[in-house]
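Asks: Need the 3D shape of this:
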Amino acid sequence: MELINWQEVAPHVRVCWCILYNCITHRQRQRQRPLPLKRSRMQGTPTMYKSNLQAMCQQRGWELPAYQVTKQGQDHSPLFSATVTVNATSFSSTSPSSSSKKAQSEAAKLAYDHFSLISPSPPSLSGNWIRNFVSFNVMKFTS
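Replies: Residues are numbered from 1 along each chain as shown. Down below sits the predicted model:
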């Protein structure tokens with residue numbers, strides 16, 4: 001194999017050669033790396049039950065969900081369970097989770113599934129709906 005004297009090669013050829021070399025080495029590095037796991041359509045994307053539950057409460061004029069998390073176990077391997085209270089009904093996660101976020105999401109899923117089966121009732125003119133509406137508009141116009 002003959003060595004190339006880069007001083008004699010025209011500048012635009014040197015640039016093209018460098019680009020080609022970088023593309024080849026990049027492709028080789030990609031082949032050596034394991035491919036990232038892609039979530040298939042069958043698995044679906046994770047549902048954000050806390051956000052969906054909060055949106056449902058706002059649409060129905062209810063107070064926002066209140067979460068209570070309890071931690072059990074050692075500090076190096078804690079287990080969390082959560083309870084969410086929505087519209088005076090409490091829902092608790094069925095099994096302890098490795099993170100607080102997972103426990104809250106599980107409790108929110110139970111509540112969301114429960115209230116999704118119930119058709120939304122029109123907001124009444126008494127109770128929390130008026131208080132939320134007034135406080136929102138007062139804050140909106142005073143700030």
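
Asks: any idea how far Val86 is from Ser100?
Replies: To Ser100, Val86 is 18 Å away according to Cβ to Cβ, to the nearest Å. In this view, the C-beta of every residue, glycine as well, is placed from N, C-alpha and C.

Asks: Equivalent analysis for Ser81, please.
Replies: 9 Å.

Asks: circling back to that earlier point, so if I had to pick from Val86 and Ser100, which one is more boxed in?
Replies: Val86 (24 against 16; other Cβ atoms under 10 Å).

Asks: returning to what we had before: quick check: neighbours shared by Ser81 and Ser100?
Replies: Val69 (Cβ atoms under 8 Å, 6 or more residues apart in numbering).

Asks: Can I get the helix or strand that contains Lys109 in PDB? Just the C-alpha atoms.
Replies: For Lys109, the enclosing helix or strand under DSSP states H and E is helix 100-117. Presented in PDB, the C-alpha positions along helix 100-117 are these (Å, rounded to 0.1, in the frame of the first residue of the first chain):
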ATOM      1  CA  SER A 100     -42.300   7.000  45.300                       C
ATOM      2  CA  LYS A 101     -43.200   8.100  41.700                       C
ATOM      3  CA  LYS A 102     -44.200   4.500  40.800                       C
ATOM      4  CA  ALA A 103     -46.400   4.200  43.900                       C
ATOM      5  CA  GLN A 104     -48.100   7.500  43.200                       C
ATOM      6  CA  SER A 105     -48.600   6.500  39.600                       C
ATOM      7  CA  GLU A 106     -50.200   3.200  40.500                       C
ATOM      8  CA  ALA A 107     -52.600   4.900  43.000                       C
ATOM      9  CA  ALA A 108     -53.500   7.500  40.300                       C
ATOM     10  CA  LYS A 109     -54.100   4.700  37.800                       C
ATOM     11  CA  LEU A 110     -56.600   3.100  40.200                       C
ATOM     12  CA  ALA A 111     -58.400   6.400  40.700                       C
ATOM     13  CA  TYR A 112     -58.400   7.300  37.000                       C
ATOM     14  CA  ASP A 113     -59.700   3.900  36.000                       C
ATOM     15  CA  HIS A 114     -62.500   4.100  38.600                       C
ATOM     16  CA  PHE A 115     -63.600   7.600  37.600                       C
ATOM     17  CA  SER A 116     -63.300   6.900  33.900                       C
ATOM     18  CA  LEU A 117     -66.100   4.400  34.200                       C
END
